[in-house]
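**Student:** quick one: sequence plus predicted model below, questions after.
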Amino acid sequence: MNHRQLFLQHVGQTSTAPLCLNIVKAKGSRMWDADGKAFIDLIAGISVCNIGHGHPAVIEAIQQQAEAYLHIMVYGEFVENPQVHYAQFLTQHLPQHLNAVFFTASGSEATEGAMKLAKRYTGRHQMISFKQSYHGSTQGALSVMGSEYWQQAFRPLLPGITQLTYNDIEALDCINEQTACVIAETVQAEVGVNLPQTAWLQALRKKCDETGALLIFDEIQCGFGRNGTLWAFEQFGIAPDILLLGKALGGGMPLGAFVSDKKIMDSLTNNPVLGHINTFGGHPVSCAAGLAAMKALLNENIIDAVSSKEHLFLSLLKHPKIVKVNSCGLMIAVHFDSFETNKKIIDALIDCGVFTDWFLFASHALRIAPPLNIADADIVFACAKIIEVLDLV
Ligand code: PMP
């Protein structure tokens, strides 16, 4: 059996049509397969590699930490310097009330932990989420996912969850004194990039303040500069009570986190104690890598160029077959008339060395979420290929 067959046989499968690229090396915005074929990466591991693949500062931090120690104890018992340094650095770059970081092993676990924290802090159990939102694949996160298609086969899920329409101001009346939390992606990704209206987001903040419901923003996909500011919520003049982080948080290593005020976070330490525990949350190598990546993101002023790179994409992505382009920074969705058209385009692009895919709730839309420091020449090349392919399909 070749590698592809072994992969299909022995590695648990989740997709009916896995892409099956066999990538053996990745650097910056390029990946190479086993035959030496190069690809421009327009996905960045779904918004993970925001500073590109294999950044030297991240590799060095990983090597140094690996030499010092790997796993030494479950989360929250030992003073592990990589966690402490990263938590301190993160909170220095967040509003004052987001000052306590609980590290997890994944984005989904950050969602789980935040939902538990909201229940525990408010003493309430009802939750509000939004249609077409994605917060992870575990059962709690699945319960607040905004899609019946992905939920129905796994019911019963958590009770007491109501789903509202994103950007619907009147629907916010459903938030009341029984609501433990409202969870929203600051910018919805998987629907093909859906921006919040500022007035709606501010009304949501106000309603949560009035009712005592905690506001959770999921920036697992949109954080770390993806939307053109370090945190997406900065663009709307409000901040959440709990912030969810993941993906780019670990600089390419597995890491998630939920961040809140210490006075909220401390409710996980009693009645019962150990209100949320894990073995691998805040793995020291992941924290060292994440801190190095975040420092590089800021020191190299990578976020400053996001808006101009977004506009370069937008100026080049003009073609009669494109129905519309939604974007927020380098989170871009190119909408076509159908999944069939989109799939043909994606396959043809992969053939000519440009790697992209579609969105969970918008299979007709092409995903463009490259490393934030992708070279302008690569953007020009990739867009020329997209237009070339559009002329052919
Ligand atoms: N929230 C959002 C917005 C996400 O995009 C994702 C991952 N696609 C998650 C949560 C879950 O993160 P993970 O896959 O690390 O569990």
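**Tutor:** That came through fine. Numbers count the residues shown, from 1 in each chain.

**Student:** residues from this protein in reach of the ligand?
**Tutor:** Neighbours of the ligand within the chain, by Cβ under 6 Å from any ligand atom: 46, 106-108, 111, 134-136, 185, 189, 218, 220-221, 246, 256. For glycine as for every other residue, the C-beta is placed from the backbone atoms N, C-alpha and C.

**Student:** top of these by neighbour count?
**Tutor:** The member of the residues of the chain next to the ligand that has the most neighbours, counting by other Cβ atoms under 10 Å, is residue 218 with 33 neighbours.

**Student:** OK, contacts around the single nearest residue of the stretch 1-150 of the chain relative to the ligand?
**Tutor:** Residue nearest to the ligand within the stretch 1-150 of the chain: residue 107 (2.3 Å; Cβ to the nearest ligand atom). By Cβ atoms under 8 Å, 6 or more residues apart in numbering, residue 107 lies in contact with 135, 136, 220, 244, 245, 246, 247, 256.

**Student:** mind giving me a markdown table with these and columns for secondary structure and pLDDT?
**Tutor:** Formatted as a markdown table, the contacts of residue 107 follow (DSSP: H, G, I helix; E, B strand; the rest coil; pLDDT from 0 to 100):
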| residue | secondary structure | pLDDT |
| --- | --- | --- |
| 135 | coil | 98 |
| 136 | coil | 98 |
| 220 | coil | 98 |
| 244 | strand | 99 |
| 245 | strand | 99 |
| 246 | coil | 98 |
| 247 | helix | 98 |
| 256 | strand | 98 |
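
**Student:** among those, which one lies nearest to residue 347?
**Tutor:** Distances from residue 347 to the contacts of residue 107, taken as Cβ to Cβ, are shortest for residue 247 (25.5 Å).

**Student:** the closest residue to that closest one other than its chain neighbours: what's it in contact with?
**Tutor:** Among residues not flanking residue 247 along the chain, residue 48 sits closest, at 4.7 Å (Cβ to Cβ, 6 or more residues apart in numbering). Listed by Cβ under 8 Å, 6+ apart, the contact set of residue 48 reads 247, 248, 250, 252.

**Student:** helix or strand next in line after the strand or helix carrying residue 65, which one?
**Tutor:** If you go by DSSP states H and E, residue 65 is part of helix 56-68. Downstream of helix 56-68, the next assigned helix or strand under DSSP H and E is helix 81-92.

**Student:** what's in contact with that following helix?
**Tutor:** With contact meaning Cβ under 8 Å, 6+ apart, helix 81-92 is reached by 65, 98-101, 103, 245, 257, 259, 282, 284-285, 287-288, 290-291, 294-295.

**Student:** summarise which helices and strands the one helix or strand residue 349 maps to is packed against.
**Tutor:** Using DSSP H and E, residue 349 sits in helix 339-351. Helix 339-351 makes packing contacts with strand 357-359, strand 362-368, helix 376-392 when contacts are defined by 3 or more Cβ pairs under 8 Å, 6 or more residues apart in numbering; DSSP states H and E.

**Student:** at 6 Å instead, please
**Tutor:** Under the contact criterion of 3 or more Cβ pairs under 6 Å, 6 or more residues apart in numbering; DSSP states H and E, helix 339-351 touches strand 362-368, helix 376-392.

**Student:** how near is residue 227 to the ligand?
**Tutor:** Taking Cβ to the nearest ligand atom, to the nearest Å as the measure, residue 227 and the ligand are separated by 12 Å.

**Student:** in contact with that residue, which residues?
**Tutor:** Residue 227 is in contact with 187, 328, 329, counting by Cβ atoms under 6 Å, 6 or more residues apart in numbering.

**Student:** how about a cut-off of 7 Å?
**Tutor:** The neighbourhood of residue 227, defined by Cβ atoms under 7 Å, 6 or more residues apart in numbering, consists of 187, 235, 328, 329, 331.

**Student:** hmm, back to that, out of the helices and strands packed on helix 339-351, deepest packed?
**Tutor:** Of all the helices and strands packed on helix 339-351, strand 362-368 has the most neighbours on average by mean count of other Cβ atoms under 10 Å, namely a mean of 22.

**Student:** tabulate the CA atom coordinates of that strand in PDB.
**Tutor:** Written as PDB, here are the backbone C-alpha positions of strand 362-368 (Å, rounded to 0.1, in the frame of the first residue of the first chain):
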ATOM      1  CA  ALA A 362     -20.700  27.800   2.700                       C
ATOM      2  CA  SER A 363     -19.500  25.100   0.400                       C
ATOM      3  CA  HIS A 364     -20.000  27.400  -2.600                       C
ATOM      4  CA  ALA A 365     -17.400  29.900  -1.300                       C
ATOM      5  CA  LEU A 366     -13.700  29.700  -1.700                       C
ATOM      6  CA  ARG A 367     -11.600  30.300   1.400                       C
ATOM      7  CA  ILE A 368      -8.700  32.700   1.300                       C
END
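
**Student:** pairing partners for that strand, with directions?
**Tutor:** Strand pairing for strand 362-368, using DSSP bridges, gives strand 331-335 (antiparallel), strand 357-359 (antiparallel).
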